[in-house]
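Engineer: next one to model:
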Amino acid sequence: MFSLTGLDGSKIYVNVESIMRIRASIAEDGPPATEVEYGAGYIFTHETIADLLARIGTTDRFLRLTTRGGSPVYLNAAAISSIRAAPPINAPGTEISVGGLYQHVMETPAPIQELLTQA
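Structural biologist: Numbers count the residues shown, from 1 in each chain. Have a look, this model is predicted:
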């Protein structure tokens, strides 16, 4: 099991394969944080994305993509169930279904599909 430490110091242990999305977040009234979404939950941690990925070890499973806001988001390739060109209201980019949630990214579907075949 993979340990994650919350902003309040509490620990949670998750199956690393259940981690579906890692992204930067802003902790309310505090320093920047990282949001880690797994299975049916999420946790905010002070650990950086780079440190989390280093602890996970193999980062081949995580695709590094770009949110509409320009920040990186890391998606577990195994948790992606669909990709499609973003509809005109959200264009440009791609909508990805990951772990039952939608993630809009700026990359177009073709390079994402290529990354998925390599993951």
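
Engineer: and the residue nearest to residue 108 when sequence neighbours are not counted, bridged to which residues?
Structural biologist: Leaving out its chain neighbours, the residue that sits closest to residue 108 by Cβ to Cβ, 6 or more residues apart in numbering is residue 94, at 6.1 Å. Just so you know, the C-beta spots here come from the backbone N, C-alpha and C atoms, and that holds for glycine as well. Per DSSP bridges, the residues bridged to residue 94 are residue 85, residue 105.

Engineer: next up, the contacts around residue 94.
Structural biologist: By Cβ atoms under 8 Å, 6 or more residues apart in numbering, residue 94 lies in contact with 83, 84, 85, 86, 104, 105, 107, 108, 109, 112.

Engineer: count the residues that sit near residue 34.
Structural biologist: Counted by other Cβ atoms under 10 Å, the residues lying close to residue 34 total 21.

Engineer: what's opposite it in the beta bridge?
Structural biologist: As for beta bridges, residue 34 partners with residue 24, residue 45 under DSSP bridges.

Engineer: quick one: residues contacting it.
Structural biologist: Contacts of residue 34 (Cβ under 8 Å, 6+ apart): 22, 23, 24, 25, 44, 45, 46, 47, 48, 49, 52.
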